[in-house]
Each structure stands twice: as structure tokens, then as C-alpha cells.
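Chemist: I would like the atomic coordinates for the input below:
(one chain, ligands or ions: 2)
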Amino acid sequence: MDQAIGLRELMKEHRKTQSKLRVIGVTSGKGGVGKSNVAANLAVLAARAGRRVLVLDADLGLANVEILYGLKPRYHLGHLLDGDVPVRDIIAEGPEGVKVLPAGHGLQTLTRLDEAQRMRLVAAVDQLEEDFDIIFVDCGAGIGDNVLFFIGAAQEALLVVSPEPTSLTDAYATLKVLCQEGGARYFNVVVNQAPNEAVAKDIFDKLSSVVSRFLGAKMRWLGWVPRDENVHRAVMSQKPLVGLFPSSPATRALNSVADTLFNEPPPIQLEGGLKFLWSRLLRESSVH
Ligand SMILES: Nc1ncnc2c1ncn2[C@@H]1O[C@H](COP(=O)(O)OP(=O)(O)OP(=O)(O)O)[C@@H](O)[C@H]1O
Ligand SMILES: [Mg+2]
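Modeler: Ligands and ions are numbered 1, 2, ... in the order given. Just a heads-up that it's a prediction; the model follows:
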């Protein structure tokens, strides 16, 4: 009981501080369209632009971003929830100053936390809010519980689509659930592995018109990334593309996506930071 009151007080305090932190959940309808590569490289570009960046590798069990960065972290979120390791020790050093928070199996319990675990998570989230300007959450594909949770909790979603017809229909199905169940209303879109800009733009236009018509959500065109063999080479070397191949077509495209994402304000007013994650955690806890 005391703990519950403490938690509410903490949350009130937290809400008073207006956060500038951006939490961007990266997702897609279909798997394998390039989410982790987009997230991992945009994070490096954000760090180069002077932002303090964290990537939360929330793709359960697959540890995508860790592999792309060539990391073998010692700890993950599960250690934090169990009270064994403080959040700062869990965070691993990625390339060019990017930090990585490996979720490991910790995510499996995230929607079913006991009181002590919740307190630890809330304290950790508060710490992150102070330490970072941007958090990318690599959410995984589709509409599993964790994707819904994180997209619902994140301030902004970044949807990655590829030109295959199934990617488009899967993207729409995912958006529908994210809007109806996750409460998402605003999506940044990157078309990845496109043959040219006209094809990429056409995909965006189609998706954006059905989404605004049937789901009432807004979509923002961030840009497109061409199919580029260097992406595969970078994956194999476990180093970020933007560092390894600075003048490749995909790097140039990602730079332009980063420019829009980081420098042009979102077209609608977004509520701030991690407080969504907070309130969501607390709301879900009160259900039990
Ligand atoms: N622009 C691109 N050009 C060429 N190949 C690409 C491009 N983007 C991604 N790929 C290829 O697609 C593969 C999958 O990319 P990535 O792991 O980023 O996808 P994902 O959406 O995160 O997948 P998952 O759903 O499994 O997490 C990469 O290993 C890479 O070889
Ligand atoms: Mg991935």
C-alpha cells in the first residue's frame, strides 16, 4: 500500500518536469524489411548530430541491434528487473557513442511485473529520461504484445515498409491494430529497399491515403532507402553501414531521412517522453 502511494507521488513529480526526450518505436508489418538496420544507423547519425542516443533492443530473443553493432552485452533488462544490476551497468557501449539497452528475456515479464520489479523499472526509466535525448525502440514486426506495448508507450512510431505487396498489406494490418489497440495516431514512414524514389513515394501515398481515411491517423514521409548491397556487407561485418560505407547510396539516403526526422518538427503536437511508458505501466499494474 505504502509502495503504491509512493509510486503515485513519484509519478506526479515526474509529470511536472517537461521532458524533451523523444522515444521513437521502430516497427513494420512484415519481418525482415530492414527495421533493425534503419534503427541502428539512424541512431549513429543522431549521435553524430550531438544527440545522446539509446537503442532499446526490444525484439525478443533476436537481439538484432546488438548483432548489427557487434556487441555481446553481459547484462540485459531481466537483470535489472531482478534487482541484480543497476540500469547504468546494463547499458552497453555501441558505435560512435550510441548506447544500447539489451532487453533479453526481461521483456517477457514486462506486462506482468510485480510491485518490486515495477519500482525498479520506473526508477530506471526516470534515469533514462535524464541521460538521453532520443531513444529508438527496435520493436520487432507485427502485433505481438510487446510491439503493442512499446508503440503505445512510445511518443512516435517509425514504420518501415518495403515495396513487396505483402509488406504493404501487412503494414496496413499492423497499423490498424496499433491505432485501435495501441492508441497510436502518428507514424513516420521510411520505404526501404526500393528501386527508385517514384516507387517508394507511390507506396507511401497509397498507404497514407487509406490510413488517414480508415484509421484517422497521420503519416509523415521521412524518405526512402534504395536496395544497396553495402547494407548486407555491413551486416556481415557487424559494423554500422553509415560508418563503413559513408558514401554508399543507402548511407546518403539515411542521412536525408535523419535530417527530416531530427530537424523538422513533427506536424502535430506530441505529448512528451517516457511518461506514457510510466502511466501505462502503472495503469496496467492497477488491473491486477
Ligand atoms: N536497403 C537495403 N538494401 C539491401 N539489403 C537490405 C536493405 N535493408 C535491409 N537489407 C537486408 O535485409 C536484411 C534484414 O534487415 P533487418 O534485419 O534490418 O530487418 P528487420 O526488419 O529488422 O528484420 P526482423 O523482422 O527479422 O527483425 C538485412 O540483413 C539486409 O541484408
Ligand atoms: Mg530486426
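
Chemist: and the residue of the stretch 51-200 of the chain closest to ligand 2?
Modeler: Asn64 (3.6 Å; C-beta to the ion). In this view, the C-beta of every residue, glycine as well, is placed from N, C-alpha and C.

Chemist: how close does that residue get to Cys139?
Modeler: From Asn64 across to Cys139, the span is 10 Å (C-beta to C-beta, to the nearest Å).

Chemist: these two: which has the busier surroundings?
Modeler: Cys139 (29 against 19; other C-beta atoms under 10 Å).

Chemist: the more buried one and Val26 touch, don't they?
Modeler: Yes: with contacts counted by C-beta atoms under 8 Å, Cys139 reaches Val26, the gap being 6.0 Å.

Chemist: between those two, what contacts are shared?
Modeler: Common contact partners of Cys139 and Val26 (C-beta atoms under 8 Å, 6 or more residues apart in numbering): Lys35.

Chemist: mind listing what the residue of the stretch 51-200 of the chain closest to ligand 2 touches?
Modeler: Lys35, Ser36, Ala40, Asp57, Asp138.

Chemist: who does the last one bridge with?
Modeler: On the basis of DSSP bridges, Asp138 takes part in beta bridges with Val26, Asp57.

Chemist: ok, it touching Glu66?
Modeler: No: counting by C-beta under 8 Å, Asp138 does not reach Glu66; the two are 9.8 Å apart.

Chemist: before we move on, back to that, which one of the contacts of Asn64 has the most neighbours?
Modeler: Highest count within those by other C-beta under 10 Å belongs to Asp57, 32 neighbours.

Chemist: OK, contacts around that one?
Modeler: Ala63, Asn64, Val65, Glu66, Val100, Leu101, Pro102, Ala103, Asp138.

Chemist: let's see that with 10 Å instead.
Modeler: Shown in contact with Asp57 (C-beta atoms under 10 Å, 6 or more residues apart in numbering): 36, 39-40, 63-69, 71, 73, 76-77, 92, 100-104, 107, 136-140.

Chemist: and it, how far is that from Val225?
Modeler: To Val225, Asp57 is 20 Å away according to C-beta to C-beta.

Chemist: need the max-distance pair from the contacts of Asn64.
Modeler: Lys35 and Asp57 (11.2 Å; C-beta to C-beta).

Chemist: name the element Ile24 belongs to?
Modeler: In the assignment (DSSP states H and E), Ile24 maps to strand 22-28.

Chemist: off-centre distance for stretch 176-189?
Modeler: 14 Å (C-alpha atoms, centre = their mean, to the nearest Å).

Chemist: ok, and for that stretch, which residues are buried?
Modeler: Lys176, Val177, Leu178, Cys179, Gly182, Ala184, Tyr186, Phe187, Asn188, Val189 (16 or more other C-beta atoms under 10 Å).

Chemist: repeat for stretch 27-42
Modeler: 27-30, 33-42.

Chemist: nearest to Pro165 among these?
Modeler: Nearest member of these to Pro165, counting by C-beta to C-beta, is Lys30, at 10.3 Å.

Chemist: any idea how far Gly243 is from the closest residue to the closest one other than its chain neighbours?
Modeler: Take Lys30 and drop its neighbours on the chain: the residue closest to it by C-beta to C-beta, 6 or more residues apart in numbering is Asp170, 4.2 Å away. Separation of Asp170 from Gly243 (C-beta to C-beta) stands at 31 Å.

Chemist: would you mind telling me which of these two has the busier surroundings?
Modeler: Using other C-beta under 10 Å, the more surrounded residue of Asp170 and Gly243 is Asp170, with 21 against 15.

Chemist: right, I'll call it a day here.
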